[in-house]
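>>> Output the structure for:
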Amino acid sequence: MRRQISRARLRLMLDQPFLASAVARFPFMEATDAERCPTFATDGYRIIYNPAFAASCMHEKLVFILAHEVLHCLFGHLDRRETRDPELWNIAADLAVNSLLVDFGFALPEGALHAVWNRGLTVEEIYDRLQTPSSNSAFHGQALDVHLPPDGSQGLCNDPVSVPSPAERRRLRSQLLSEMRTHPGLPGNVRGMIEEDIRRASEPQVDWKALVADFVSGLRRDDYRLYPFNKKHVWRGIYLPSYGVPAPQHLVAAVDTSGSISIKDLARFLVELDRLRGVTLCRLTVLEFDTAIQKVTEIDPAEEGGAFGVSEDGRFTFRGRGGTDIRAPFDWIAEQMRRGETPPDALIVLTDGFGMMPERTPDYRILWIAPQHAARDFPFGQVVRMPPRR
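The predicted structure follows:
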């Protein structure tokens with residue numbers, strides 16, 4: 001069986017030379033537990049095969065499955081799952097891989113997972129589509145392998161070497177993907193489609209909230225501020241300045257309330273902004289906009305309480321839900337500056353990016369918070385992608 005696996009690996013490296021480095025780099029191991037690995041399995045680094053199942057496969061099918069497992073490891077599908085539903089994520093990952101293999105020129109084995117709508121989509125985008133089943137998210141077939149959590153292959157094969165750390169796996173993927181994307185044998189029609197997948201597989205998975213917090217805390221660092229007063233001493237009637245708090249003085253948060261932004265994303269954004277406001281104790285102006293500014297809310301830095309934008313029954317309420325003109329908050333700030341107001345330390349914009357953009361880069365810092373389905377490019381500023389709620 002090992003000789004058959006070796007022949008299949010060699011065939012894959014010769015037929016798809018842009019995958020040769022990855023095929024050679026990821027270890028192939030024989031399963032010692034047939035119940036846990038009835039066919040093939042991977043934990044994102046090891047590729048494990050059931051010898052009885054592999055022996056039952058025709059050579060072409062065996063080559064296909066090896067390529068399938070290599071692509072799971074190469075694109076970091078198991079690391080990218082995070083806390084998503086494992087079963088649904090595995091279906092999404094298999095659909096993504098099988099579609100790509102068809103573009104590479106493979107014939108799908110009978111019964112393999114496939115669909116007609118997922119070509120060119122990332123596994124995250126396929127997963128989102130599968131969460132709302134419809135005729136546009138139908139698929140056929142079944143999985144040919146088992147997806148294990150990282151380092152979940154312990155006891156499944158005789159390999160004393162531990163699985164590399166997440167950072168080590170990411171560095172390995174980055175190197176192998178760089179070789180693949182520049183290989184002259186990679187089909188030209190595929191190169192553009194996999195760019196986003198390559199980016200997601202190569203970049204570290206960082207919590208969007210941490211990125212926003214880093215942006216805010218790095219805007220301005222003051223030794224002390226007279227207002228708001230130090231809360232530890234107010235109850236004694238002693239009004240001392242706040243000190244040692246790295247924070248901006250004034251943030252403007254522009255919330256795109258057009259119909260293309262989900263209520264859940266809006267709510268998550270406002271909750272996070274309110275948490276940051278409580279930590280930094282800065283003045284916060286919230287703009288709700290679609291084609292124009294629909295509502296302006298000023299939040300006092302010393303104000304206590306829960307999240308803003310919440311009605312008496314505990315639900316979030318927003319003004320707008322029409323079209324989108326992303327120039328609106330920039331024009332509003334420009335008008336305030338014409339009236340003598342100082343520019344904010346930063347403008348934080350939650351938007352999908354589909355609308356008219358300002359032509360000029362402003363003099364203040366810009367942070368775009370964009371849902372995963374948002375536009376790929378923003379004209380200036382820093383961009384943080386907000387993953388779907390799970």
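>>> For this protein, which segments are assigned as strands?
28-30, 40-42, 47-49, 145-147, 224-229, 241-243, 250-256, 283-289, 293-299, 346-350, 365-371, 382-386 (DSSP state E).
>>> out of those, nearest to residue 192?
Comparison of the strands of the chain against residue 192 by CB to CB identifies strand 382-386 as nearest, at 19.5 Å. In short, each C-beta sits where N, CA and C put it, glycine included.
>>> now the angle between strand 365-371 and that closest one, please.
If you take axes from the mean of the first three to the mean of the last three CA atoms, to 10 degrees, strand 382-386 sits at 20 degrees to strand 365-371.
>>> Need the contact partners of strand 382-386.
Strand 382-386 is contacted from outside by 208, 211-212, 215, 265, 268-269, 350, 365-372, 374, using CB atoms under 8 Å, 6 or more residues apart in numbering.
>>> Partner strands of that strand, with direction?
strand 365-371 (parallel) (DSSP bridges).
>>> for the record, mean pLDDT for the strand it pairs with?
Strand 365-371 shows a mean pLDDT of 87.
>>> Extract the C-alpha set from it and format it as PDB.
Backbone C-alpha positions of strand 365-371 (Å, rounded to 0.1, in the frame of the first residue of the first chain) are rendered in PDB as follows:
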ATOM      1  CA  ARG A 365      -6.900  58.600  10.700                       C
ATOM      2  CA  ILE A 366      -9.400  56.300   9.100                       C
ATOM      3  CA  LEU A 367     -10.300  52.800  10.200                       C
ATOM      4  CA  TRP A 368     -12.700  50.800   8.000                       C
ATOM      5  CA  ILE A 369     -14.500  47.900   9.700                       C
ATOM      6  CA  ALA A 370     -15.900  45.700   6.900                       C
ATOM      7  CA  PRO A 371     -18.000  42.500   7.000                       C
END
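>>> Tabulate the strands of the chain (TSV), appending distance to residue 76 and mean neighbour count.
TSV is the format used below for those (distance: least, CB to CB, whole Å; neighbours: other CB atoms under 10 Å):
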stretch	distance to residue 76	mean neighbour count
strand 28-30	18	18
strand 40-42	11	25
strand 47-49	14	27
strand 145-147	12	22
strand 224-229	44	14
strand 241-243	43	14
strand 250-256	30	26
strand 283-289	36	22
strand 293-299	40	15
strand 346-350	27	24
strand 365-371	21	22
strand 382-386	16	17
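>>> In a markdown table: the ones you listed, plus distance to residue 90.
Shown next, in a markdown table, are the strands of the chain (distance: least, CB to CB, whole Å):
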| stretch | distance to residue 90 |
| --- | --- |
| strand 28-30 | 20 |
| strand 40-42 | 11 |
| strand 47-49 | 15 |
| strand 145-147 | 5 |
| strand 224-229 | 50 |
| strand 241-243 | 50 |
| strand 250-256 | 33 |
| strand 283-289 | 39 |
| strand 293-299 | 42 |
| strand 346-350 | 31 |
| strand 365-371 | 24 |
| strand 382-386 | 23 |
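>>> So which of those strands is nearest residue 182?
strand 47-49 (24.1 Å).
>>> what does that closest one contact?
By CB under 8 Å, 6+ apart, strand 47-49 touches 1, 5, 26-31, 37, 39-42, 66, 69-70, 73, 153, 156-157.
>>> how long is stretch 34-53 from one end to the other?
Distance between the boundary residues of stretch 34-53 (CA to CA, to the nearest Å) amounts to 9 Å.
>>> Any buried residues in it, and which?
36-37, 39-50, 53 (16 or more other CB atoms under 10 Å).
>>> Next: stretch 6-14.
By 16+ other CB under 10 Å, the buried positions in stretch 6-14 come out as 8-9, 11-13.
>>> Could you do stretch 85-94 as well?
89-94.
>>> again with stretch 150-160
Neighbour-count burial for stretch 150-160 [16+ other CB under 10 Å]: 150, 152-153, 156-157.
>>> Put the alpha carbons of stretch 172-183 into CSV.
Provided in CSV are the C-alpha atoms of stretch 172-183 (Å, rounded to 0.1, in the frame of the first residue of the first chain):
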residue,chain,number,x,y,z
LEU,A,172,4.8,26.7,6.0
ARG,A,173,1.6,27.5,4.1
SER,A,174,2.9,31.0,3.2
GLN,A,175,6.1,29.6,1.7
LEU,A,176,4.4,26.8,-0.2
LEU,A,177,1.6,29.1,-1.5
SER,A,178,4.2,31.6,-2.6
GLU,A,179,5.9,28.9,-4.7
MET,A,180,2.5,27.7,-6.1
ARG,A,181,1.2,31.1,-7.1
THR,A,182,4.4,31.9,-9.1
HIS,A,183,4.8,28.5,-10.7
